[in-house]
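>>> just to be clear, the model below is a prediction. Sequence and coordinates:
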Amino acid sequence: MSVDLGRILQRAQDLSCGEDAVRDKVVARIYQEAESLASEVVMAEKPARDWDTLIDDVLTSKRFGYPSMLALLAFVLWLTISGANLPSQLLARLLFAGEEGLSRLFLSFGAPDWLHGLLVLGVYRCLAWVVSVMLPPMAIFFPLFTLLEDLGYLPRVAFNLDGFFQKAGAHGKQALTMSMGFGCNAAGVIACRIIESPRERLIAILTNNFVPCNGRFPTLIAMSNIFLGAMALNGSSFLAVLLVAGLVVGGIAITLVVSRLLSATLLKGIPSHFALELPPYRPPQVLQVILRSVFDRTLFVLWRAVKVAAPAGAVAWGLANIHVDGLSLLGHTAQVLEPLGAAMGLDGVILLAFILGLPANEIVIPIILMGYLSAGAMLELEGLPALRELLLANGWTWVTALNMMLFSLLHFPCGTTLLTIRKETQSWKWTLLAALIPTLIGTAVCILVAQGARLVGLA
Amino acid sequence: MKGQPVQPLLRFGIEKADSPVVALAGNPNTGKTTIFNALTGLNQHTGNWPGKTVVQARGKYCYGGQEVVLVDLPGTYSLLANSVEEQIARDFIYFGRPAATIVVADATCLERNLNLLLQVVEITPFVILCINLIDEARRKLIKIDFARLQERLGIPVVPVSGRTGEGLELLKKTVLEMVTGQLRPSPKQIIYDGEVEGALHQILPEIKGIVGDDATSRWLALRLLEGDETVVQGIQHYLTTDPPPRLEEVLA
């Protein structure tokens, strides 16, 4: 039968004159038919004030497109940062009060020290930090993000950024997968399926990690406060917003640069074109959005973090309290990492925390704290101000805070994302590359900043 | 349902086809998934299309004592096989031979949606046009003459609102009538210009000699005239042993 088909196809080719002549005629005829049908049966009473077009004229215009996008980003971050502060402190106070109660309980049972340490100082404390640092920003950011999604704004972002991605040799839809990455990089990587061309899909997958996901936002927000505190610019949430927004824009810039480099080297090719539909703006169903984002996203991500944080807390406590040659295991490991950490303007404990934080970025700060706290300086940690005191006491400067933010933005994706990349690309090679590219960039950037600051004498 | 082409469906990852299979097609952003959810409820199963990283959702529902398997096709603007999604949708409608295909259209931009519908109607006559978002169209003061559209197209037209559930009852009833053979649509075919029709006239007898004299041989002839190699690949992939059964047999 296939022989017959080949022959008929050949004959069909002979009959149709020219390359795409028949296809063009067929498509034109179908469009014409659709138009005549629609004009016959559709009656729009009057082209009522078309709000969609009016809004799009502003939000996707050359002049106002980028400013409105940046303003919206800053507004969302401002709501998140300023709104998360108070609940964060309340939660911390509540949960650490719980720690005292737990300690008393263990004492009254006459539990051995190591059990109390492992379960209360390790597992419980790590959980308390993850919940109090993570939950408030997530509970604010996720619903806001979902609202924008529901409203129909995200395709406009893709439309605005299309030109940039085209120039970077990537696919315009990468702006959409990037937006998904703000929620969760693993979700962003899965979203890359919407990109047809395997070349452009790979570029999008490899660069998705350059937008900070929700697990990293709280870290960035906390660090921006520390940074400003170290710069003696206390309590200005406006500056904190600018700093975080600047980092996000920086991440997007790096996405574009890396995409460009990839498409000029490993993944050569010409960007394919695509049709992007700007769906009408729809009034979001606010209550449903809030419920959905709290249950489907916030609690889901928090639960994932909690599942990882509990064993990580136990491991970190163990590392900090098992002593060999008069120094804890954590101390030994941190010492090994110290030279690299110092060169990057960080320290050994921070690097170790990033490595232990591979399963989930949310637990990086809690592990750092465990590392510092086990060194002796016991503190009541009630919210960000106390955190700042602790970090400054451990030799942090504004460079440390800044580089901590930069490395948080630019390092290997979390374990879940890496496994997702492996699943989507079917290749360990690309997965390894997805981890190497950001880590190398992050290390280089941190070293540059640290050495630069030292050179200029600012630190 | 004797003569149901089990083998092609198997290649789409659908194991058993005791119940009639109905495809759900439509442009992206037309609320296709809302309708899929409204019809099937929790009776859903998601996986990938065999060998593709495109999600396949299918579900079941029962209406009037008849169980129906509903397959949600990827949202596409056309069936010209420009993308993986379009090829999947097209292959399923042509080779999978669903007992009916529901095309979901957005009432607020009907013209663009009709392009897809007209292409589906060329493949199979068993099509239901489901015009969704009629509540939004009402709000935008858009009026659609559904009766006239139905008459012009020669297939059933059902206005619905997936969000409020309006019209879904009628949709289920129409699907039931179509899969049980009570409703036999006779869609109007698009006539192309003299040159294309002339070429069609010459090549049709040969194609009918291979795939049989059914309504879809015209569609196949058009694709071959266009030089669409993905169709030839599809024939080799989906119909390796037998020619596709005739539509009359599928519905017998």
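Perfect, thanks for sending it.
>>> from here on, contacts and neighbour counts on C-alpha atoms
Will do.
>>> for the top helix by length along chain A, packing partners?
When chain A is parsed with DSSP state H, its longest helix is helix A:65-108. The contact analysis (3 or more Cα pairs under 8 Å, 6 or more residues apart in numbering or on different chains; DSSP states H and E) places helix A:65-108 against helix A:51-59, helix A:125-151, helix A:154-167, helix A:237-264, helix A:383-393.
>>> tell me the most buried of those helices?
The highest mean neighbour count among the helices and strands packed on helix A:65-108, using mean count of other Cα atoms under 10 Å in any protein chain shown, belongs to helix A:125-151: a mean of 22.
>>> which bits of the stretch 151-252 of chain B sit near chain A?
Applying Cα under 8 Å from any Cα of the partner chain, we find that the stretch 151-252 of chain B lies next to chain A at B:152, B:190, B:192, B:196, B:199, B:203, B:206-207, B:210, B:224-227, B:232, B:236.
>>> try it again at 10 Å.
B:152-153, B:190-193, B:195-196, B:198-200, B:202-204, B:206-207, B:209-211, B:221-229, B:232-233, B:235-236, B:239-243 (Cα under 10 Å from any Cα of the partner chain).
>>> what is the burial count for the nearest residue to A:Met138 once chain neighbours are set aside?
Computed as Cα to Cα, 6 or more residues apart in numbering or on different chains, the closest residue to A:Met138 that is not its neighbour in sequence is A:Thr298, at 6.1 Å. By other Cα atoms under 10 Å in any protein chain shown, the residues close to A:Thr298 number 25.
>>> then A:Phe182?
Neighbours of A:Phe182 under the rule other Cα under 10 Å: 24.
>>> for A:Gly442, see how far away it is.
19 Å (Cα to Cα, to the nearest Å).
>>> thinking again about what came up before, tell me if the residue nearest to A:Met138 really is in a helix.
Yes - assigned with DSSP: H, G, I helix; E, B strand; the rest coil, A:Thr298 falls within a helix.
>>> which residues touch it?
By Cα atoms under 10 Å, 6 or more residues apart in numbering or on different chains, the contact list for A:Thr298 reads A:134-143, A:183, A:214, A:291-292, A:304.
>>> what's the answer for A:Leu107, then?
The neighbours of A:Leu107, taking Cα under 10 Å, 6+ apart as the test, are A:101, A:113, A:116.
>>> including mean pLDDT, could the helices and strands packed on helix A:65-108 go into a markdown table?
Compiled in a markdown table, the helices and strands packed on helix A:65-108 are given as follows (pLDDT from 0 to 100):
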| stretch | mean pLDDT |
| --- | --- |
| helix A:51-59 | 78 |
| helix A:125-151 | 81 |
| helix A:154-167 | 84 |
| helix A:237-264 | 89 |
| helix A:383-393 | 76 |
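>>> returning to that earlier point: now, which of the contacts of A:Thr298 sits nearest chain B?
Taking Cα to the nearest Cα as the measure, chain B sits nearest to A:Arg292 out of the contacts of A:Thr298, at 15.7 Å.
>>> helix, strand, or coil at that closest one?
Secondary structure assignment for A:Arg292 (three-state DSSP): helix.
>>> read off the pLDDT value for it.
Looking at A:Arg292, its pLDDT reads 75.
>>> tally up the residues packed near it, please.
Neighbours of A:Arg292 using other Cα under 10 Å come to 15.
>>> list the contacts of residue 184.
Answering for chain A, as no chain was given. By Cα under 10 Å, 6+ apart, the contact list for A:Cys184 reads A:178, A:208-209, A:211-216, A:297, A:301, A:416-417.
>>> try again with chain B
B:125-127, B:154-156, B:177-178.
>>> can you select the buried ones from these in ChimeraX?
Burial among the contacts of B:Arg184 is assessed by 16 or more other Cα atoms under 10 Å in any protein chain shown; the matching ChimeraX selection reads:
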select /B:125,126,127,154,155,156,178
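>>> okay if I get the contacts of B:Arg184 as a markdown table plus secondary structure and pLDDT?
Shown next, in a markdown table, are the contacts of B:Arg184 (DSSP: H, G, I helix; E, B strand; the rest coil; pLDDT from 0 to 100):
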| residue | secondary structure | pLDDT |
| --- | --- | --- |
| B:Pro125 | coil | 92 |
| B:Phe126 | coil | 94 |
| B:Val127 | strand | 96 |
| B:Gly154 | coil | 94 |
| B:Ile155 | coil | 95 |
| B:Pro156 | coil | 95 |
| B:Glu177 | helix | 94 |
| B:Met178 | helix | 95 |
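>>> which element is the nearest residue to A:Gly188 once chain neighbours are set aside on?
Leaving out its chain neighbours, the residue that sits closest to A:Gly188 by Cα to Cα, 6+ apart is A:Gly181, at 4.3 Å. A:Gly181 belongs to helix A:174-183 when assigned by DSSP states H and E.
>>> kindly export that helix (C-alpha atoms) in PDB.
Only the C-alpha atoms of helix A:174-183 are listed here, as PDB (Å, rounded to 0.1, in the frame of the first residue of the first chain):
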ATOM      1  CA  GLN A 174      10.100  31.400  26.900                       C
ATOM      2  CA  ALA A 175       8.800  34.600  28.600                       C
ATOM      3  CA  LEU A 176       5.800  32.500  29.600                       C
ATOM      4  CA  THR A 177       7.800  29.600  30.900                       C
ATOM      5  CA  MET A 178      10.000  32.100  32.700                       C
ATOM      6  CA  SER A 179       6.900  33.600  34.400                       C
ATOM      7  CA  MET A 180       5.900  30.100  35.500                       C
ATOM      8  CA  GLY A 181       9.400  29.800  37.000                       C
ATOM      9  CA  PHE A 182       8.600  32.600  39.500                       C
ATOM     10  CA  GLY A 183       6.100  30.200  41.000                       C
END
